[in-house]
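Q: okay, here's the prediction I keep looking at, along with the sequence it came from:
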Amino acid sequence: MEIIILPNEDAVAKRSADLVESQIRAFPDTVLGLATGSSPLGLYRELINRHRDHGLSFQKVRTFNLDEYVGIPADHTQSYRTFMDDNLFKATDIDLSNTHVPDGMAENPLDAGPTFEKKIAETGGVDLQVLGIGTDGHIGFNEPTSSLRSRTRLKTLTKQTVEDNSRFFGPDEFQPKLAITMGIGTILETRRILMIATGDNKAQAVQDMIEGPISSICPGSALQLHERVTVILDEAAAQNLKYQEYYQHVSEIQDELVKKHRPSDWIAR
Ligand code: F6R
């Protein structure tokens with residue numbers, strides 16, 4: 001894993017956007033895997049700015065979101081489809097028919113996973129997957145004890161995840177406890193992964209993901225099995241890392257190398 005530790009959320013957003021931008025400029029028809037939640041918001045804001053001010057085009061980009069709640073319609077204010085429309089898609093030139101979010105209203109939610117996997121396979125697979133991590137170490141909605149080989153499927157959320165996300169629902173509003181999520185096996189098949197984590201509340205999950213044993217108790221730790229993962233952290237999220245100095249040292253040395261030899265070693269495909 002490449003670990004990049006930056007002073008604050010703004011720096012995390014800008015660096016993440018540099019990486020995603022270089023991927024899209026190299027391959028305008030890039031297949032992006034996308035996450036919702038607070039972690040990628042700064043990245044999305046930056047990408048919108050670059051679209052508006054620097055001609056970064058999403059016209060040919062294809063996207064697959066990690067997950068969607070079961071039981072609320074796509075146009076619900078809290079659906080992940082609405083989140084993506086509001087926080088990225090509508091402010092870019094992306095063709096909405098190229099954007100895919102699992103179907104949380106499928107007549108048979110057990111079929112939604114395989115249907116989604118088929119669509120991913122038809123586009124040739126995800127080039128670059130954006131991820132956040134839950135306070136319990138989940139990625140997508142793969143909660144602790146999820147199979148490290150799991151595929152896109154129906155999952156029951158843990159009480160902690162339901163609580164973490166309850167802030168988005170009114171006190172009397174129906175809050176879903178089920179979701180369709182890409183599996184850990186699905187995520188591990190993507191060509192490149194960008195994990196973003198910020199804030200004190202992520203510090204333990206981040207340490208378990210990077211320095212803990214590979215275990216389904218921390219689904220994020222499965223990323224240790226992927227060859228091309230970049231983790232971008234702010235100092236708060238990095239605070240528990242034992243080898244922090246080493247990661248910083250590696251970053252500095254790699255920055256020099258990258259500047260010298262090529263604009264980015266980032267491109268996936
Ligand atoms: C969202 C997702 C989740 C979040 C995680 C962190 O699509 O897949 O795994 O990335 O719950 O959420 P935030 O970023 O809100 O802390």
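A: That came in fine, so what should we check first?

Q: tell me which residues touch the nearest residue to residue 152 once chain neighbours are set aside, please.
A: Counting by C-beta to C-beta, 6 or more residues apart in numbering, residue 113 is the residue found nearest to residue 152 once chain neighbours are left out, at 3.8 Å. C-betas here are computed from N, CA, C, even on glycine. Residues in contact with residue 113 (C-beta atoms under 8 Å, 6 or more residues apart in numbering) are 102, 151, 152, 153, 154, 180, 183.

Q: now do the contacts for the nearest residue to the fifth one once chain neighbours are set aside.
A: Leaving aside its chain neighbours, residue 154 sits nearest to residue 109 (4.9 Å; criterion: C-beta to C-beta, 6+ apart). Taking C-beta under 8 Å, 6+ apart, we find residue 109 in contact with 70, 154, 178, 180.

Q: before we move on, could you check phi and psi at residue 109?
A: Note on residue 109: backbone dihedrals following degrees, to the nearest 10 are phi -60, psi -20.

Q: now do residue 58 against the ligand, distance only.
A: Per C-beta to the nearest ligand atom, to the nearest Å, residue 58 is found 19 Å from the ligand.

Q: let me redo that: residue 129
A: According to C-beta to the nearest ligand atom, residue 129 stands 10 Å off from the ligand.

Q: quick check on that residue: phi, psi?
A: According to degrees, to the nearest 10, residue 129 has phi -110, psi 120.

Q: hmm, residue 136 is touching residue 146, no?
A: No. With contact defined as C-beta atoms under 8 Å, residue 136 does not count as touching residue 146 (11.1 Å).

Q: neighbour count: those two, which is higher?
A: residue 146 (22 against 19; other C-beta atoms under 10 Å).

Q: ok, and the closest non-adjacent residue to the most centrally placed residue in the chain?
A: Centroid check for the chain by C-alpha atoms, centre = their mean gives residue 131 as the closest residue, at 1.9 Å. Leaving aside its chain neighbours, residue 131 sits nearest to residue 195 (4.6 Å; criterion: C-beta to C-beta, 6+ apart).

Q: re earlier: among the contacts of residue 109, which are in helices?
A: Among these, no residue falls in helices (DSSP state H).

Q: tell me the buried residues within these.
A: When these are checked for burial by 16 or more other C-beta atoms under 10 Å, the buried set is 70, 154, 180.

Q: the first one and residue 181 touch, don't they?
A: To tie it back to what came earlier, the one meant is residue 70. No. Assessed by C-beta under 8 Å, residue 70 is found out of contact with residue 181, at 10.1 Å.
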